[in-house]
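In: Based on what follows, work out the 3D shape:
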Amino acid sequence: IKGELKKLTFKELHKGIVKKGDFYVSCADFVDASGTKYDLDFLVSARDDVHVLQALVHSINGEKRKYHLENPAQQ
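Out: Sure thing, here's the model as predicted:
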């Protein structure tokens, strides 16, 4: 968001995978050296092979960020 590179430590993978538009989303919790908690959503493609396309910051210290993955016509 701010163009900063963060060094994060993995803490926990969330249970379940959801489908959002053309992607599957898997979420995990991370923490930085100062104790700030990051909830990251990983956009996963499963066309020919399963791979992460992009990571998005879902929340920082529990404060959620809005982002939109679904096609409004499909909702």
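In: so where's this protein shaky on pLDDT?
Out: For the chain, the stretches with pLDDT under 70 are 1, 68-75.
In: okay, which residue is most central for it?
Out: Central residue of the chain (CA atoms, centre = their mean): residue 41, 1.0 Å from the mean position.
In: Quick check: chain neighbours aside, which residue is closest to residue 13?
Out: Spatially, and ignoring its direct neighbours in sequence, residue 13 is nearest to residue 28 (4.8 Å; CB to CB, 6 or more residues apart in numbering). For glycine as for every other residue, the C-beta is placed from the backbone atoms N, C-alpha and C.
In: Could you list the buried residues of the helix or strand that neighbour falls within?
Out: Assigned by DSSP states H and E, residue 28 belongs to strand 23-31. Under the neighbour-count criterion of 16 or more other CB atoms under 10 Å, strand 23-31 has 23-30 buried.
In: of those, closest to residue 64?
Out: residue 27 (11.8 Å; CB to CB).
In: Who is the closest one paired with across the strands?
Out: Counting by DSSP bridges, residue 27 forms beta bridges with residue 41.
In: For it, give me its contacts.
Out: 13-14, 39-42, 58 (CB atoms under 8 Å, 6 or more residues apart in numbering).
In: which of those are buried?
Out: Buried members of the contacts of residue 27, scored by 16+ other CB under 10 Å, are 39-42, 58.
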